[in-house]
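# model this:
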Amino acid sequence: MRCISVKITSEAKADFVNLLPSEELMKYLEKVEAVPTTIFVDAEGNILGEAVVGANVPQYQERLAAFLHGKLCCWC
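Sure thing, here's the model as predicted:
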């Protein structure tokens with residue numbers, strides 16, 4: 001599966017991080033009902049806050065600012 005992922009992202013010139021979901025994340029993703037859905041995670045893989053559903057740039061910016069200023073933690 002990794003080889004296929006590398007081939008696809010290389011051909012698409014995708015210059016962003018692509019993740020292969022763990023079994024735990026797959027269970028979480030089964031509940032996702034809309035695309036795009038953005039999930040913020042920390043360096044240890046903990047989900048930070050709630051998912052951002054849709055292309056809601058102001059909400060992305062708000063979440064990132066809160067995280068960077070220490071106001072957002074796991075499952076807040």
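# What count of nearby residues applies to Asn18?
10 (other CB atoms under 10 Å). For glycine as for every other residue, the C-beta is placed from the backbone atoms N, C-alpha and C.
# Relative to Ala66, how far out is it?
According to CB to CB, to the nearest Å, Asn18 stands 25 Å off from Ala66.
# Any stretches of the protein with poor pLDDT?
1-2, 71-76 (pLDDT under 70).
# helices or strands up against the longest helix along the chain?
As assigned by DSSP state H, the longest helix anywhere in the chain is helix 57-68. Helix 57-68 sits against strand 52-53, with contacts defined as 3 or more CB pairs under 8 Å, 6 or more residues apart in numbering; DSSP states H and E.
# returning to what we had before: just the buried positions in the longest helix of the chain, please.
Using 16 or more other CB atoms under 10 Å as the burial criterion, the residues of helix 57-68 that qualify are Arg63, Ala66, Phe67.
# Find the nearest non-adjacent residue to the last one, please.
This means Phe67. Leu48 (5.9 Å; CB to CB, 6 or more residues apart in numbering).
# Verify the stated contact: that neighbour with Thr38.
No: the criterion here is CB atoms under 8 Å, and Leu48 misses it with Thr38 at 10.9 Å.
# before we move on, back to that, for the longest helix of the chain, list the C-alpha coordinates in PDB.
Extracted in PDB, the C-alpha atoms of helix 57-68 (Å, rounded to 0.1, in the frame of the first residue of the first chain):
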ATOM      1  CA  VAL A  57     -10.500  28.500   6.500                       C
ATOM      2  CA  PRO A  58     -11.300  30.900   9.400                       C
ATOM      3  CA  GLN A  59     -12.000  28.000  11.700                       C
ATOM      4  CA  TYR A  60      -8.700  26.400  10.600                       C
ATOM      5  CA  GLN A  61      -6.900  29.600  11.500                       C
ATOM      6  CA  GLU A  62      -8.700  29.900  14.800                       C
ATOM      7  CA  ARG A  63      -7.900  26.300  15.800                       C
ATOM      8  CA  LEU A  64      -4.200  26.700  14.800                       C
ATOM      9  CA  ALA A  65      -3.900  29.900  16.700                       C
ATOM     10  CA  ALA A  66      -5.400  28.400  19.800                       C
ATOM     11  CA  PHE A  67      -3.100  25.400  19.600                       C
ATOM     12  CA  LEU A  68       0.000  27.500  19.100                       C
END
